[in-house]
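> Okay, sequence plus prediction incoming.
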There are 2 protein chains.
Amino acid sequence: MRVAIQGERGSYSEEAARIYFKSLDFELLTKDHLDEVFDSVQSGEADYGVIPVENSTTGSIRKSLDLLLERDVRVIGEVKVKVSHALMSVKGRIEDVKVVYSHPEAIAQCEKFLKGKNWIVVPSLDTAGAARIVADANDASLAAIASERAASIYGLKILARDIQDIPLNITRFFVISLRDQISEDADTTAAFFATSHKPGSLWRALGAFARRNINLLWLESRPIKGEPWNYSFYVEFEGSINEYAVREAIRELEELTIWIKILGSYRRMIL
Amino acid sequence: MRVAIQGERGSYSEEAARIYFKSLDFELLTKDHLDEVFDSVQSGEADYGVIPVENSTTGSIRKSLDLLLERDVRVIGEVKVKVSHALMSVKGRIEDVKVVYSHPEAIAQCEKFLKGKNWIVVPSLDTAGAARIVADANDASLAAIASERAASIYGLKILARDIQDIPLNITRFFVISLRDQISEDADTTAAFFATSHKPGSLWRALGAFARRNINLLWLESRPIKGEPWNYSFYVEFEGSINEYAVREAIRELEELTIWIKILGSYRRMIL
């Protein structure tokens, strides 16, 4: 079994893959960019992809949502990972630090910690990659923001722990595959839809859920590219496509929306 | 009159300020970070601030929305600016380019152009600042993504024009001030609200608009920091607070939501 992630060994995506597939033996395919994870799943190179979709502090991972809309893959599972960032370097002396490497999302999550530090902040493709860059350079003036696990993989010393602005910082990942795999305990469905530009059109669409007592877990709007001020909506709601009420709600939505794309049903992870 | 922006002379924020205040004489206060624009307006240093809130390709400027929720300022106007990015350098030879500087939003808007170019992409505080860095360094291997106006201000040569992925690329700015200034022709209102975690709570809240035929222009969810999977909603809708139907809708929303914060009413700019 092969699992594709964006990032390197020691990344939070790898952690998510290990949590989801537990003791199962799998080969990890590491990719530089999110679209390459989708390519890998769509071409059959990987059996599954694990992609970040939301962080509890900064919000949706927009690139992932846009790819879920554009590409033809199914969402089959969810993993939540507690993200606790550490600052790390070769020597472990914070007074030596001049340059900090990390992924832009991690940088945004540590904004308060970084403010006023007068360090040059350089974005990298992922947090583990930042740790590897710092380890490879073997230069005490460089530091990385990554997990403590990445520090131990790349032999770096911890300068500061738990440096994210909001202590409880969780990233949510989706497991994607080419074909649906709806488990019997699936309790959540993800979809995209677009409504017309008339007053009340979103309200009418959401009525398909409300009238059936289906709880909406997340609603995120995304601009439709090339059509300024037109949006599609990404939704997650309680229930599996295998449930009658959900199928009826989707049938009604097909009439109330311009288009709808169901991404899949999966078991929500409690964390 | 003093107007604070994030960015330098030649930035799209400056262009937005010049469009909004037209021939009015004003002093431009340039700030490195968005929160400093809010500080400047709140302390009375600046009479107005001009901040980006949304781009038609990439979506909301999250930092601006979060500051509009946290800080005590009023939204009094809107400006839309067509954003056409150019690549520029000192010598004007694209084969010399090794490093490209720009604002992360501009980098995201030019993703397809940059893909496969094998350039090191370095984020800067704003697009005009990137142009200044390249001009100051006087190094032909450095390039910036910024407006053609920035190229002419900093004496750089254009290597490529209109390099954004989506040709029609518009950024929307808000004019903020300490006190309300609701013009007679105001036709749009912006607000934040949060709903309970019960099925149908968002649907019921949106009913306050739908039943009055008030058109929703934008709905954006933002995570509530420190409360994973709880969200507030940012909305823009047609009508001014000075209109009866809007005041009635807000009164109803106060009962249907946990909290609501009205940001102001302003005249929408058609572009």
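That came through, no problem. Just so we're clear, the structure is a prediction, and the values are computed from it rather than from any experiment.
> and the most centrally placed residue in chain A, what element?
Nearest residue to the geometric centre of chain A (C-alpha atoms, centre = their mean): A:P52, 1.4 Å. If you go by DSSP states H and E, A:P52 is part of strand A:48-55.
> send the alpha carbons of that strand over as CSV?
Extracted in CSV, the C-alpha atoms of strand A:48-55 (Å, rounded to 0.1, in the frame of the first residue of the first chain):
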residue,chain,number,x,y,z
TYR,A,48,-4.4,7.0,-0.7
GLY,A,49,-3.4,10.6,-0.2
VAL,A,50,-3.5,12.4,3.2
ILE,A,51,-4.1,16.2,2.8
PRO,A,52,-4.6,19.0,5.4
VAL,A,53,-8.0,20.7,5.0
GLU,A,54,-8.4,22.9,8.1
ASN,A,55,-6.5,24.3,11.0
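> Within the helices and strands, which one has the nearest residue in space to A:D96 that is not next to it in sequence?
In this structure, A:D96 finds its nearest non-sequential neighbour in A:A140, 4.3 Å apart by C-beta to C-beta, 6 or more residues apart in numbering or on different chains. Using the backbone N, CA and C atoms, a C-beta is placed for each residue, glycine as well. Assessed by DSSP H and E, A:A140 sits outside every helix and strand.
> How many residues are close by A:A140?
Applying other C-beta atoms under 10 Å in any protein chain shown, we find 17 other residues in the vicinity of A:A140.
> Please name the residues that touch it.
Each residue near A:A140 by C-beta atoms under 8 Å, 6 or more residues apart in numbering or on different chains is listed here: A:89-91, A:93, A:96.
> how about the residues of the stretch 51-200 of chain A that lie near chain B?
Contact residues, the stretch 51-200 of chain A versus chain B (C-beta under 8 Å from any C-beta of the partner chain): A:54-59, A:62, A:104, A:122-123, A:165-168, A:170, A:197-200.
> Sitting in helices, which of the residues you listed do you find?
Judged by DSSP state H, those include A:62, A:104 as members of helices.
> so where is the stretch 1-150 of chain A shaky, pLDDT-wise?
For the stretch 1-150 of chain A, no stretch is flagged by pLDDT under 70.
> can you pull out the helices in it?
Remark: helices assigned in the stretch 1-150 of chain A by DSSP state H, counting those that start in this stretch are A:12-21, A:34-43, A:62-70, A:104-109, A:111-114, A:127-137, A:148-153.
> Compile these into TSV and extend it with columns for mean neighbour count.
Converted to TSV, the helices of the stretch 1-150 of chain A look like this (neighbours: other C-beta atoms under 10 Å in any protein chain shown):
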stretch	mean neighbour count
helix A:12-21	22
helix A:34-43	20
helix A:62-70	19
helix A:104-109	22
helix A:111-114	16
helix A:127-137	24
helix A:148-153	20
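> Of these, give the one that comes closest to B:V83.
helix A:62-70 (17.6 Å; C-beta to C-beta).
> A:I258 - nearest residue in space that isn't next to it in sequence?
For A:I258, ignoring the flanking residues on the chain, the nearest one in space by C-beta to C-beta, 6+ apart is A:A194 at 4.6 Å.
> hang on, that neighbour packs against A:V235?
No. Between A:A194 and A:V235 there is no contact under C-beta atoms under 8 Å: 11.5 Å.
> one step back: how far away is the residue nearest to A:D96 from chain B?
To chain B, A:A140 is 22 Å away according to C-beta to the nearest C-beta, to the nearest Å.
> for A:I170, what are its contacts?
Residues near A:I170 by C-beta under 8 Å, 6+ apart: A:55-56, A:80-83, A:271, B:228.
> are any of the residues you listed buried, and which?
Burial of the contacts of A:I170 was assessed by neighbour count (16 or more other C-beta atoms under 10 Å in any protein chain shown); the buried members are A:55-56, A:80-81, A:83, B:228.
> Looking at those, which is nearest B:A46?
Of all those, B:A46 sits closest to A:N55, with 32.2 Å by C-beta to C-beta.
> which of the contacts of A:A140 count as buried?
Neighbour-count burial within those applies to A:89-90; the criterion is 16+ other C-beta under 10 Å.
> Just the ones of the contacts of A:A140 in strands?
Mapping the contacts of A:A140 onto strands (DSSP state E) picks out A:S89.
> In TSV, list the contacts of A:A140 along with distance to B:V75.
What follows is the contacts of A:A140, written out as TSV (distance: C-beta to C-beta, whole Å):
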residue	distance to B:V75
A:S89	43
A:V90	48
A:K91	48
A:R93	46
A:D96	45
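> and which of the contacts of A:A140 is nearest to B:L69?
Within the contacts of A:A140, the smallest distance to B:L69 is 35.5 Å, found for A:S89 (C-beta to C-beta).
> That closest one and chain B: what is the separation?
Noted for A:S89: a distance of 21 Å to chain B, by C-beta to the nearest C-beta.
> Quick check: closest non-adjacent residue to that residue.
Among residues not flanking A:S89 along the chain, A:A143 sits closest, at 4.3 Å (C-beta to C-beta, 6+ apart).
> thought A:Q6 was touching A:I51?
Yes. Counting by C-beta under 8 Å, A:Q6 touches A:I51, with 6.8 Å between them.
> Need the residues touching each of those two.
Shared contacts of A:Q6 and A:I51, defined by C-beta under 8 Å, 6+ apart, are found at A:13, A:34, A:37.
> so where's the longest helix in chain A?
The single longest helix within chain A, with elements called by DSSP H, is helix A:244-256.
> and that one, what other elements does it pack with?
For helix A:244-256, the elements it packs on are strand A:188-194, helix A:201-210, strand A:259-266, judged by 3 or more C-beta pairs under 8 Å, 6 or more residues apart in numbering or on different chains; DSSP states H and E.
> Run the angle between that helix and strand A:259-266 for me.
Here helix A:244-256 points in a direction 160 degrees away from that of strand A:259-266 (axes from the mean of the first three to the mean of the last three C-alpha atoms, to 10 degrees).
> Report the buried residues of helix A:244-256.
Here helix A:244-256 shows A:246, A:249-250, A:252-253, A:256 as buried, counting by 16+ other C-beta under 10 Å.
> can I get the helices and strands packed on helix A:244-256 in a markdown table with distance to B:R222?
Converted to a markdown table, the helices and strands packed on helix A:244-256 look like this (distance: least, C-beta to C-beta, whole Å):
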| stretch | distance to B:R222 |
| --- | --- |
| strand A:188-194 | 19 |
| helix A:201-210 | 17 |
| strand A:259-266 | 22 |
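> How about stretch A:6-23 and chain B, touching?
No. Against chain B, stretch A:6-23 shows no contacts by C-beta under 8 Å from any C-beta, the least distance being 14.6 Å.
> what's that stretch in contact with?
For stretch A:6-23, the external contacting residues (C-beta under 8 Å, 6+ apart) are A:1, A:3, A:5, A:26, A:28, A:30-34, A:36-37, A:48, A:50-52, A:77, A:79, A:81, A:83, A:103, A:125-129, A:131-132, A:146-147, A:149-150, A:153-154, A:171, A:173, A:175.
> Among the residues of the stretch 51-200 of chain A next to chain B, name the buried ones.
Buried residues within these, counting neighbours by 16+ other C-beta under 10 Å: A:54-59, A:62, A:104, A:122-123, A:165-166, A:170, A:199-200.
> OK, contacts around the nearest residue to A:L29 once chain neighbours are set aside?
Using C-beta to C-beta, 6+ apart and skipping the chain neighbours, the partner closest in space to A:L29 is A:A4 (4.3 Å). Neighbouring residues of A:A4 by C-beta under 8 Å, 6+ apart: A:29-31, A:36-37, A:40-41, A:45-46, A:48-50.
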